[in-house]
Structures are given as C-alpha cells and as structure tokens.
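# turn this into a model:
(6 chains, ligands or ions: 6)
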Amino acid sequence: MEILRLALDNLLSPPVLGFALGLVAVLVGGDLRLPDAVYQGLSMYLLLAIGIKGGVALRASSVGDVILPTIAAIGLGVLIPVLAYLILRRATPLSGLDRGAIAAHYGSTSLVTFTAALVFLEASSIAVEGFVTTLLAVMEIPGIVVGLLLAGRAADRSLSWGASLHEILVGKSILLLVGGLVLGVLTGASGYERVEPFFGALFVGILTLFLVELGTLAGRRLPDLKTAGIGLPIFAILFPILAGTMGVTAGSLAGLSVGGATILGVLSASASYIAAPAAVRLALPEANPGYYLTASLGITFPFNLVIGIPLYLEIAQVVGG
Amino acid sequence: MEILRLALDNLLSPPVLGFALGLVAVLVGGDLRLPDAVYQGLSMYLLLAIGIKGGVALRASSVGDVILPTIAAIGLGVLIPVLAYLILRRATPLSGLDRGAIAAHYGSTSLVTFTAALVFLEASSIAVEGFVTTLLAVMEIPGIVVGLLLAGRAADRSLSWGASLHEILVGKSILLLVGGLVLGVLTGASGYERVEPFFGALFVGILTLFLVELGTLAGRRLPDLKTAGIGLPIFAILFPILAGTMGVTAGSLAGLSVGGATILGVLSASASYIAAPAAVRLALPEANPGYYLTASLGITFPFNLVIGIPLYLEIAQVVGG
Amino acid sequence: MEILRLALDNLLSPPVLGFALGLVAVLVGGDLRLPDAVYQGLSMYLLLAIGIKGGVALRASSVGDVILPTIAAIGLGVLIPVLAYLILRRATPLSGLDRGAIAAHYGSTSLVTFTAALVFLEASSIAVEGFVTTLLAVMEIPGIVVGLLLAGRAADRSLSWGASLHEILVGKSILLLVGGLVLGVLTGASGYERVEPFFGALFVGILTLFLVELGTLAGRRLPDLKTAGIGLPIFAILFPILAGTMGVTAGSLAGLSVGGATILGVLSASASYIAAPAAVRLALPEANPGYYLTASLGITFPFNLVIGIPLYLEIAQVVGG
Amino acid sequence: MSTTPPTHGHVALLTIVAESILEPRLERELRACGASGWTVTAARGEGSRNRRVGDLDGGNVRIESLVSNDTAAAVMQRLADDYFTHYAIVAWVADVAVHRSERYI
Amino acid sequence: MSTTPPTHGHVALLTIVAESILEPRLERELRACGASGWTVTAARGEGSRNRRVGDLDGGNVRIESLVSNDTAAAVMQRLADDYFTHYAIVAWVADVAVHRSERYI
Amino acid sequence: MSTTPPTHGHVALLTIVAESILEPRLERELRACGASGWTVTAARGEGSRNRRVGDLDGGNVRIESLVSNDTAAAVMQRLADDYFTHYAIVAWVADVAVHRSERYI
Ligand SMILES: Nc1ncnc2c1ncn2[C@@H]1O[C@H](COP(=O)(O)O)[C@@H](O)[C@H]1O
Ligand SMILES: Nc1ncnc2c1ncn2[C@@H]1O[C@H](COP(=O)(O)O)[C@@H](O)[C@H]1O
Ligand SMILES: Nc1ncnc2c1ncn2[C@@H]1O[C@H](COP(=O)(O)O)[C@@H](O)[C@H]1O
Ligand code: NA
Ligand code: NA
Ligand code: NA
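Residues are numbered from 1 along each chain as shown, chains lettered A, B, ... in the order given. Ligands and ions are numbered 1, 2, ... in the order given. This is a model prediction of the structure:
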C-alpha cells in the first residue's frame, strides 16, 4: 500500500531518525542536548527560513485563494481548544485549570511538526500551496487565548492578560515567522535565489540536528507519564487524529489541494511546545507542566511525526481525491 | 534610470530586508537578537570568509596593481578623521574629546557595509578587483589612531596607548581578516573549491541573519538620537557622502575599476562599529557612546546600506566612466 | 615525487591552514577561540556528520569484509597503549601513573585527525571502505581502558571505574558517532541525499573553522613543553610513526584497500584529546595534564595533520601496492 | 583578623534564581521596589519541585541586585506573595560592603 | 544602619567553582550531604595551579547551593578529603538570609 | 542557630561586574593587588548610567576573587581611582568562610 510505503519512508527519514536518536540517548542515560545558544540560534533559523520560503511562495498566490483557508484556520483555532477542554473533562480527572492549559497547547500549533510535514510532502512529490505558512502564523495565537480563557473561567479568576499576551505577540516566534513572510514576499524569487543555499538547501539537515535536541527533551518528559494517569496519553494520541481529520476536511472544503489540506490537518493535530508553554506558565502558574508538556511534547509530537503526518495525507487523499 | 533600479534591488535584497526586520522588531517592542555566542560565531565566520575569498582573488593580482590603491587607502584613513573632526566643530557643540571619538569611527571602516557592497556589486554583475579586502584591512586601524590622537590633544592628556593599540591589533577582527587573506592566498582556487559551499555559498544567507541582529542593535540606539541635537544626525548622513565621493575619486585616480572605486568609496564612507568603539571606550572612557555609536551604527550604517552603496556606484560610474 | 606533492597539497589545504592560523594567533598574543557553545555545537556536527556518512557507506559493505578489520582494530587498541607504556618507561623519567595516562591517549583515537585523513584521501581521489567509521568507534574505548589499567597497577590502587567508564560510554562522542552510524544505515543513500547539503557539502568548511580553534588550544599547550623534558616530544613524534606503520600493516593484512589501510594507520597513530582526557582526569586526577595533553594535542595532533597522514598513505602504498 | 573589609558602607545583595520566563516580570518588580540596577547571568539548576518549563527556553536566570535593606525586604515580600508558591524560584540576601553605598540606596 | 535584612532566617550559601568535568560528581556529593537544590552557571577562571583539562570541554562550572550549616561543613569536608588536592576547584561559604529557611535545612 | 559555618578561616570575596571590554585590565589590576585567582562568568545587566558599548561585544563580565581583606581594599581603591567614574562597573565585597584561608592571602 502506498500509504505504508510513505509512512516507512517518513520513519526512515533523517529528521525522524534524529528525533529517535535524541530519545534513545536519554533512555541509555546520555544527553544529546545542543548548547542553549546553538539551540536558540537554530530555532531562529528554522522560523526565519520557513517564513521566507513561505513568503516567496505567497507572492504567487491570489488573495482569493487565501481567504477561505484562512477563515478555516481561525475557526479551527477556536474550535479545537474548546473541544479539547470538553473531551478532557470526560477522559481525565484533571481540574478545569489544567484542562484549559492543555487546551491552549492543542489549540496552537507546532512549528517543527509543520516543517516535518512540508519536508515529508516534498519528498513524496506532493505539491503544497505557498501560503500555508500564513496559516501556521494565523493559528499560533487564537488557540492559546481560548485555552487560557477556559482555564480562567474554570479557576474563577481574571488572568494577568496584558503582560502575557503582549509577550507572546512580540515574542521571537511570531516576529520571525511574520517577518520572514514579509521578507520573502518583498524579495521574491530572485532575491531568494541568493540565500537559498543557506535558508533552503540546509533546511532538512538543520531540522535533523534540531530534532535530536527535541528527542532529548521529549525523552526527559516520559517519566512524568506515570503520574498523569492513563487518560492523558490516550487523549494525546486520539485527539490529534480527531483534530487532524477536522483540519483536513475543513481544508478540503476551503478549496485546498491534497497537500494543503494535509498541512491544515497537521496544524490542527499538532500541539504547541514553545509559545503555548510560555504563555500558560505566565498566565496560569498553578497549572502543572507535568501534564501539558508531557502530553504535547512527550506524546503528541512524536506521534504526529511518525504516524500522524502520513495518516493525515492518507485522509486528505480519501477526502479530496 | 539604472541607478534607481539598482537601489530598489538593493532595498529588496535579503540582507537589507533582514536589517529592516531587526529594526522593526525593536520598534514594536520585540527583540530579535541572536544569542551572544551565535552572534560572535557568525561574525568570526564573516571575517574569515571575506578574508579567504579576498586572498584567493588577491593571488591573481599583480603587486603593481595593488600599490597605488593601498597608498590611497592609507591616505584616506588619515585624511577622513581629520576632516570629520573639523567639520564636527562647525556642525555640533560637541567637545573635542567627543569629536575625536567620532572621528575615529569614521576614519575606520565597517566590515558589514563592505560586505553588503560586495554582495550588491555581485548581484549587479559589476566586477571588483580581488585585492579590495586588503584595502579593508589596511583602512581599519589608521583612522582610529588619528581620531584618538585628535581627541587626546583636545583633552590635553596623553592616552594609555600601549594597551589599547595592542588589543586592537591582535583583536579577532584583524587576525581573522588578515589570517583569512593569507589562508586564501596559500590555498588558492583549488583549495577554496572544497570550502566554497561553506564560506561562499552560505555567505549571503548568513549575512542576512547577521543583519537582523544589527538592525536590532541599531534600533536600540535610536532613542539616543533625541539627546544628541540635530547637528549629529545631519553629519552622519552628509559626511559619508563627502567621504564616499573622496574615496571613489581617489580610487579612480589610483586606477581602480568602477567596482573597485565603488568599494573604496564604501570603505571611506562607512563608520566602524566594532573595532573603533572598543578602542575608543578603552582609550577615551569620558567620550559619550551615546554620540559615537548612535551616529555610526544608528544612522550612517543604515544610510550606507540602503542609499549610500548604490549612490557611490553611481558616482563611480560618472567619475570612472 | 607523488608523496611530496600530496604532502604539499595537504599542507596548503584549508583545514591545515586553519590550524596554523589558530596557532599563529596564539603566538602573536591573540586568541581565535570560538565561543564555547559554538565549539560544542560544531563538534556535535562533526561527530554526527562523520557517523551518518559512515553509516550510509556501511550499508553497502558485506559483514564478511568488516570482521577482520574490526578484529585488527580492537587488537591495535589493546596493543598500542601497552607498547606506549613500555616505551615511555625507557624514553622518559615519568611515573607509571603518568605513563598510563599518556598510554590511554595514544590507545584511543582522534576524530579530527581521522576526519582530516578522509578529506585528504578524498582530495587525492583514493577510495576508502565505507565502514572505516565503524573502526573509529571501535577503537575509541579499549585503549583508554588499557591505559587506565596500566596506570592503576602502577599506582597500586583500584580506580573508581564505574562512574568514569559509564560517563565515557554514554558521553556525547560515542552516542553521536554510533547514533549517526545507525541513522546513516537506516536512512540510506536516498535519505542522505536530502541532508547532504548540510552534513556533506559543508563538512570541509566547518572542519576548517574547527581547526582554527584546535590550533589555538594546541598553541596554548606549547609552553608546557619546556617542563616536560626532551623525551616526551620525541615520543610524541616517533611513536605515531611506529603505531601508524603497525596500523597500516594490520589493515593491509586484514584485507583493507590502500585507502582503508591508511585510515587504520591514522587511527592507530592518532591520540585522543577529547574522550581520553576526560576519562583520565576523572580516574587519575594525580596524573599531570601538562604531559598528556601537551603530547597528544600539542605535538602528535599537528604532526599527524601535516606529515603523518601523507606518510601513512605512502606506507600503505608500499605495503599494499 | 578583621572580617569587615575597609570600604565605605554596607548594602544588601539580593540574589534571585528563577525560570527565565520570569525575567521581565522580576525586573519590573525590582524597579518598582526601588532597585536602580541589576546583573543577570544564565543558569540552570535543580530543586525540590522542578515544575518549570524552562528546559524549553533557556533554563534559569540568576539576577543579583545591590539594594537597600528596605528594598531587599520589599522584593522578598513581593516574591513571597506572588511567586514562591507557583514558580521555580529561590532568593537570598547577603550583606556586602561597597564603595559609596549611597549609590544603591 | 542595621546590616541584617529583615527576612526569615539564615542559611549557608555554599559556592563551588570547579572544572566542568566534575559537575556530575559534585552534584552527587551535594545530594549525599543533604542539599535539596543548587544552581549552576558556566564560568572560566584562573588560579594558582591551572592543572585542569577544562579548556577542552567547557571551562569551569560554578555551583551554588543554599544549605544548612551542617551540610555546608560536610560538603567542605568531602571536598577537602577527595578533591582539593588533585582537581582545579575552590569553594567558599557565606551566610545569607532567606525566606522560610526550613526549606533548605 | 550559629551563623558561622565551621570551616577554617575567613577571607574577602570581591565581586566586580563590568563591561566586558575591561576584562583584561581588571585581571591585571587584580593580579597587581595580590589576587592569586579569580572566576569569570558572562553577564548582562542594567544600571543607572548605561554608558557602556558592551552590547556590541558580549555584555558584561562578572569577576569574583577570593582575596585577603587588604587586597580587596586595594582593588576597590584602584576601581575608585580609575574606573568607577567613566566605566560601567560595580563592585562589592563579602565576608566568606573557606578551607585553608592561607591559600588566598
Ligand atoms: N537549595 C538551593 N540552592 C540553590 N539554588 C536552588 C536551591 N533550590 C532550588 N534552587 C534553584 O531554583 C530553581 C527552582 O527550584 P525549585 O522550584 O525547587 O525546582 C532550581 O532550578 C535551582 O536553580
Ligand atoms: N582566589 C580565587 N578566587 C576565585 N576563584 C578562584 C580563585 N582561585 C582559583 N579560582 C577558580 O578555581 C579554578 C581552579 O583554580 P586552581 O585549581 O587554583 O587552578 C580557577 O579556574 C578559578 O575559576
Ligand atoms: N545595583 C546594582 N546591582 C547589581 N548590579 C548592578 C547594579 N547597578 C549596576 N549593576 C551592573 O553594573 C553594570 C553597569 O552599571 P551602570 O554603570 O550603572 O550602567 C550594569 O550593566 C549591571 O550589570
Ligand atoms: Na493544533
Ligand atoms: Na570610513
Ligand atoms: Na591511537
């Protein structure tokens, strides 16, 4: 079967193997973390590179093509955390506060999962609309806001919004992503050509290195699983499938190609582990990182990386074919 | 008009847009600084890459071609700070000490402006003599020395030379630039070929990343503008045009091509923001960095990057054509 | 003569010139060290890149080809430190403890020497078996263990093995090298193709930058030479020739090609300056780093880099031709 | 042996170690309580709770500030009120001698 | 001017600077002697011996830990027994004020 | 509760925070005044003047040195004479307990 072959290809691709390497290193008692400064530098590189590449492609898109998918993305960004919050009430004994915190993570998106999906689709020769990076940027924030609102209501207290929200909006992620997009739109294909050896050709290799680090971080989260009960890991696997299917379907309805719908599925299914943890930690310090980080980084992230991405493609092919 | 098209191309080139991104980030309250270690690593990369590339090209130059331009460069390195010092006396109410400090900056050169000019000329398919990197190295120090001497005379005190000067000469900038030159001369084209993917192909991309950082630093300097009075910003724009014209003319007279004369103009017009600040800070601690850094990094640097470089090319085409 | 031409090519190759640059910088009172975080990041890159490339090549090797060379490598890993220990007793007045410490270094291997040899052979168009990286991994540890055992016997005390050995085995070097090998085997040529621009094309350039740093470190060790007596520097030059010849011969007998035998010679001749110092420092704190680091990093490393590598190739051509 | 070095006055040296995400907030607290400056170094650490998310964005920060005793006490009180319970944070105060203590008080 | 800031108790602040290779061992020693947490920063330095190999792997580490006086003394004794002689290491103990000193004792 | 940990002697711990460009000079001053070693960490900070150029080359350094009280006083005097006025620099001295204080005096 085609899908199995793609899944296997994905499993044996350097980025996914890099993740496995980092994880195994933790299990045997080692530690393959990059130095902090290098990790931060690489993550700035990834954001800027994704942004620029998206911007160059966006330039070629007509506004008409972009509108419906963008509306779909915002709608998913609001809907998904509400759904996550409600399902977690059934599936786990967690407090409303912890459920809101988790919902904020699943409402937002994961840059690296998105990136790995692009790399996967490219390797599978499946075209993707240029403007999907815009969808990534658009979906980063709303889910976090909704999740925090739910948690705030549950905790029956007002949140110290001002600070946290401003800190996210002018945080490095959004600035680099949006800045890269604008840079890409302005410089166009001829300008991009000259930075392609850096921002383009190196991309998969640097992503591989980066995933070694993420594997290490995910590995460190695994011990926390024991304290979280069985409901949370189940949620962290089944919920992405649900959200991913919703994303793929919405994408198809909004007119995206098979590749584009897959990406919207990936964005919906993925859980943030950079912007959301920071925001949640500041606004909801009482929520337990042992729950939200373990679920998003320890389970959902590797699940999407290995199984989710080819699965959403398969769904997109069925839905959109 | 050809020059306007080139200027627009320059404005929309990835490095210049990267600078703008860093600047805008500061204005909206964000911060896109690279981690310190990465910034230092990248700046070592740029120096070494420029040096090696220059050395490979230098190998092909005859000594006869190099002599006159080198003498011109040294002459400019002495003349420009004196001129800056005298003009600042008319244009601003600054003390002799602060004027000497500023003169030291304009007498020296800016690696990144030089680099951006090379990238610009390459993109415009204009040839440049291989040995211009030698001129960069030659012009780095004399202007600083002259500026410090002027300030020392004004302050009527002797400077603690020994330490500062030694610290500059064996500082990383000079060592990497000159070391890279020698390395390039020795390894030649066949050796260079094997490191070209790293030192050559990545150059424009890494420069872009580096300029994001410089945009941030420049943006942080802007508030200081208010306290400096109107004379200084005017100086920081008009003086480079004067010095750049002198550089272009001297270059033409010394037999440089249009591209080479443009580069000598750029070297003359640009103000140091690495070697000079360090030397001035050590030798003239009373001078106010709010003046010299704001002028060189906050105004002259972006001015040259966006307007100056194509302007000096236009002048070189008029003078040398 | 062919060998002289190769040696000269090697001497003027960017990596060797980079080493010289770092060394000269120290001699003139400067310092070209990379920021710590960058140095560590680059060294992780080199290990992983070597591992992956080796793994991709290993996939094409038959088990039959690998067995004999592996046995030879382990044998050399045990024999070399014993030999070093005995010879040092004749050649120097060092204590058994210090001799054991040095033996541990020469029993293990140097990643960068190995890497430089690969780059050299590639530039000389001499083929190398894909599995030589396996030999590197196999030879890293046994020599250290034997050296420590000899020192422990001499000092008549038991070592705090447990901790030190575990710390080496799950240290970053081994994990990245072996992890990279496995990653390369699994992803194969088609996966490697996509990360080649990062892990392949950049390799020589990054190695050059890395060697600037090592040159600095070696330069700092040179003053220690004075206190060590004349026996040690002589040992640090002659012993590698002996061990290298043994390695080349064993490699030829084990069926390796000229290129492969050269590499086994290089592995035998090279002295560790990362894994061994760490292990020795922990297990034998009384041993003087002024001896073992100066010998391995200050003398043997540059000797192999400049003279040893082409020499072992010449020997391999004589022995295997 | 005298244990008080002969300089010109004593002030409090307040040191705070916290997950790095809190840095901007802590600096606002310091300023609000009257500190005129501080020094920040990057750090990592282990503690009894380990509830931070700092792994993901740069570990801990170590902030130290020369302040008057009153300012030190005020900051400590702010930390006790709003931070110690939920965040990964520790703080301590030492007595140190400085040149021209007026500058910090 | 009172030199004791008005917080809730005094503990020992033990600081150890050592070649980075020793970090895991020192953390084991700290834990064994009763420390419940510590903060680590990267450092470099110069000393009278300079026998470390740290140049090659990241210089020194600076570990500080709030502990009881007994724990501080026990760790110091361990260092004197097994570390000071052969390794590049220095350590000192200061007296500092903390909020809720029970937490560290 | 005794506040003096039972170790073997007291020395001064001098800490200097300054723009990084000054590091070589400060180390020369330390050595000239009798310090036998020091530990350096990278730092950044805010102060009342902010006149440094350190942004461009690596922020501040934080140098700490165990010294005799006399050395601490001598260094402080050197700083007051030549550094405090024009450079971005602060310094303080604490009293700490060490093992074998003779080593630092
Ligand atoms: N006893 C201690 N001494 C020094 N630093 C500590 C101590 N306990 C905790 N820390 C620091 O405070 C951070 C948070 O501690 P905790 O909230 O207990 O996990 C740790 O990461 C350490 O950097
Ligand atoms: N007097 C001192 N004050 C502060 N730190 C010191 C002192 N002496 C040594 N050190 C630190 O301890 C490390 C080892 O010192 P040593 O064993 O004397 O070479 C040095 O690299 C410094 O970081
Ligand atoms: N009150 C303070 N406490 C701790 N560090 C300070 C203080 N004031 C200034 N600093 C440090 O000293 C540097 C220079 O301060 P200033 O000269 O006041 O700008 C700052 O960047 C801080 O790192
Ligand atoms: Na999502
Ligand atoms: Na100039
Ligand atoms: Na060897």
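# leaving out chain neighbours, which residue sits closest to A:Tyr273?
A:Leu297 (4.4 Å; Cβ to Cβ, 6 or more residues apart in numbering or on different chains). Bear in mind the C-beta positions are built from the backbone N, C-alpha and C, glycine included.
# how about A:Gly247?
Of all residues not flanking A:Gly247 in the chain, A:Ser268 sits nearest, at 2.9 Å (Cβ to Cβ, 6+ apart).
# check what pLDDT that neighbour gets.
Looking at A:Ser268, its pLDDT is 98.
# against A:Glu122, how distant is the residue in chain D positioned nearest to ligand 3?
Nearest residue of chain D to ligand 3, counting by Cβ to the nearest ligand atom: D:Gly37, 2.3 Å away. Going from D:Gly37 to A:Glu122 by Cβ to Cβ, to the nearest Å gives 51 Å.
# neighbour count for those two, which is higher?
Neighbours per residue (other Cβ atoms under 10 Å in any protein chain shown) separate D:Gly37 from A:Glu122, with D:Gly37 holding more: 20 against 15.
# and the pLDDT for the more buried one?
According to the prediction, D:Gly37 has pLDDT 93.
# that one is in contact with F:Gly45, isn't it?
Yes. Contact criterion Cβ atoms under 8 Å: D:Gly37 and F:Gly45 qualify, at 6.5 Å.
# now for the residue nearest to A:Tyr273: which residues touch it?
Applying Cβ atoms under 8 Å, 6 or more residues apart in numbering or on different chains to A:Leu297 gives the contacts A:214, A:217-218, A:221, A:271, A:273, D:56.
# mind listing the helices for chain D?
D:23-33, D:69-82 (DSSP state H).
# tally up the residues packed near D:Phe84, please.
When neighbours are counted by other Cβ under 10 Å, D:Phe84 registers 16.
# what about D:Ser101, neighbour count?
D:Ser101 sits with 18 neighbouring residues when counted by other Cβ under 10 Å.
# ok, now which ones touch it?
Residues in contact with D:Ser101 (Cβ under 8 Å, 6+ apart) are D:8-11.
# kindly indicate which of the residues you listed lies nearest E:Thr85.
The closest of the contacts of D:Ser101 to E:Thr85 turns out to be D:His10 (Cβ to Cβ; 36.2 Å).
# and the pLDDT at that closest one?
At D:His10, the pLDDT value in this model is 94.
# circling back: most surrounded residue in the contacts of A:Leu297?
A:Ala271 (32 neighbours).
# so which bits of the stretch 51-200 of chain A are right by chain C?
Contact residues, the stretch 51-200 of chain A versus chain C (Cβ under 8 Å from any Cβ of the partner chain): A:119, A:123, A:197.
# mind telling me what element the first one is part of?
Secondary structure here is read from DSSP states H and E; on that basis A:Val119 sits in helix A:111-123.
# the bottom helix or strand of chain A by mean pLDDT?
helix A:161-169 (a mean of 63; mean pLDDT, DSSP states H and E).
# which residues of chain D fall in strands?
D:10-19, D:38-46, D:60-67, D:89-97 (DSSP state E).
# what is the burial count for whichever residue of the stretch 201-321 of chain A sits closest to chain E?
Nearest residue of the stretch 201-321 of chain A to chain E: A:Arg220, at 16.0 Å (Cβ to the nearest Cβ). A total of 19 residues lie near A:Arg220 under the criterion other Cβ under 10 Å.
# quick check, it in a helix?
Yes. A:Arg220: assigned to a helix according to DSSP: H, G, I helix; E, B strand; the rest coil.
# any idea how far it lies from D:Glu46?
Per Cβ to Cβ, A:Arg220 is found 13 Å from D:Glu46.
# pipe the residues of the stretch 51-200 of chain A next to chain C into a markdown table and attach distance to D:Asp70 and pLDDT per row.
Output for those, formatted as a markdown table (distance: Cβ to Cβ, whole Å; pLDDT from 0 to 100):
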| residue | distance to D:Asp70 | pLDDT |
| --- | --- | --- |
| A:Val119 | 57 | 91 |
| A:Ala123 | 64 | 89 |
| A:Pro197 | 58 | 96 |
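# out of these, who's nearest chain F?
The closest of these to chain F turns out to be A:Pro197 (Cβ to the nearest Cβ; 28.2 Å).
# next, count neighbours for the nearest residue to that closest one once chain neighbours are set aside.
With Cβ to Cβ, 6+ apart as the criterion, A:Pro197 has its nearest non-adjacent residue at 3.8 Å, and that residue is B:Ala201. For B:Ala201, the neighbour count with other Cβ under 10 Å is 20.
# apart from its neighbours in sequence, what residue is nearest the residue of chain D closest to ligand 3?
According to Cβ to Cβ, 6+ apart, the nearest residue to D:Gly37 is F:Gly47 (3.7 Å).
# is it true that the one you found touches F:Ile89?
No. Using Cβ under 8 Å, F:Gly47 is not in contact with F:Ile89, being 9.0 Å away.
# quick check: which ranges of chain D have low pLDDT?
Along chain D, the parts satisfying pLDDT under 70 run over D:1-7, D:49-58.
# can you name the residue of chain A nearest chain D?
A:Pro285 (3.4 Å).
# re earlier: between the helices of chain D, which one is closest to chain B.
helix D:23-33 (10.5 Å).
# ok, residues contacting that closest one?
Contacts of helix D:23-33 (Cβ under 8 Å, 6+ apart): A:163, A:167, A:282, D:16, D:18, D:38, D:40, D:61, D:63, D:65, D:67, D:71, D:74-75, D:78-79, F:46.
# render the CA-only coordinates of it in CSV, please.
What follows is helix D:23-33, C-alpha atoms only, in CSV (Å, rounded to 0.1, in the frame of the first residue of the first chain):
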residue,chain,number,x,y,z
GLU,D,23,12.9,37.7,33.9
PRO,D,24,10.9,40.6,32.6
ARG,D,25,8.5,40.4,35.5
LEU,D,26,11.2,40.2,38.1
GLU,D,27,12.9,43.2,36.6
ARG,D,28,9.7,45.1,36.8
GLU,D,29,9.3,44.1,40.5
LEU,D,30,12.9,45.1,41.3
ARG,D,31,12.4,48.5,39.7
ALA,D,32,9.1,49.0,41.4
CYS,D,33,10.7,48.3,44.8
